[in-house]
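build the 3D model from these lines:
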Amino acid sequence: GVMISLLTFTIAEHRPFWSGALNTIDLVVVSLITLTIIVRGERKLLFRPFEKWYMGVAGVIVVYAIIFADAWRSNVFAQALICAGYIPLFATFITEQRNTESFSTWFLALAASLFGLTHAILENSTLAMIYAVRSALCTTGTLCLMFVFHRRQLLITRT
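Model (predicted):
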């Protein structure tokens, strides 16, 4: 999703990739995480049903972008896909009934989103603004759920 977003951004806005600073940084982070998983993880590649669905939708977005030469809408579709990528995380919170994430990491992600929004506004880049707002909203939603489950765990521990 992040790669599709960056490619369609550069095509639709006729700008260099670093103009979408947050998207560029996110791609670097996602690539490093993927590389770490490949190097240190198990050697077999098994996709869960959600991951298969996600990759299928990503493929549909790419095909749409190629057939209709519509990078702008493809970018917006990629933002929706990236939002959907949060579903497994939210499902983990619900399944585990506790916060499984680090507040400091997610607050840093929110700060990066807000920095990226500032950069997008200064660059006057609509798609970069959409990316940064989507990132900030998804991160804020994640932090809210984390707080709810963290608070719930504290209440259970006290009783």
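
distance check, Thr105 against Pro88.
With distances taken as Cβ to Cβ, to the nearest Å, Thr105 is found 17 Å from Pro88. C-beta here means a position set from N, CA and C on the backbone, and glycine is covered the same way.

same question, Gln97
Where Pro88 is concerned, Gln97 sits at a distance of 16 Å (Cβ to Cβ).

what values do phi and psi take at the nearest residue to Ser135 once chain neighbours are set aside?
Leaving aside its sequence neighbours, Ser135 sits nearest to Ser113 (Cβ to Cβ, 6 or more residues apart in numbering; 4.0 Å). Main-chain torsions, Ser113, degrees, to the nearest 10: phi -60, psi -40.

how many other residues sit next to Ser113?
For Ser113, the count of nearby residues is 22 (other Cβ atoms under 10 Å).

where does Gly116 fall, phi/psi-wise?
Phi and psi for Gly116, reported as degrees, to the nearest 10, are phi -60, psi -40.

list the contacts for it?
For Gly116, the contact set (Cβ atoms under 8 Å, 6 or more residues apart in numbering) comprises 21-23, 25, 128, 131-132, 135.

ChimeraX command for the buried members of those residues?
To isolate the buried subset of these in ChimeraX, counting by 16 or more other Cβ atoms under 10 Å, use the following:
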select :21,22,23,128,131,132,135
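
the longest helix in this protein is where?
helix 126-158 (DSSP state H).

show me what that helix is packed up against.
Here helix 126-158 touches helix 2-13, helix 21-40, helix 71-84, helix 87-96, helix 103-123, going by 3 or more Cβ pairs under 8 Å, 6 or more residues apart in numbering; DSSP states H and E.

mean pLDDT lowest where, among the ones you listed?
With a mean of 91, helix 21-40 has the lowest mean pLDDT of these.
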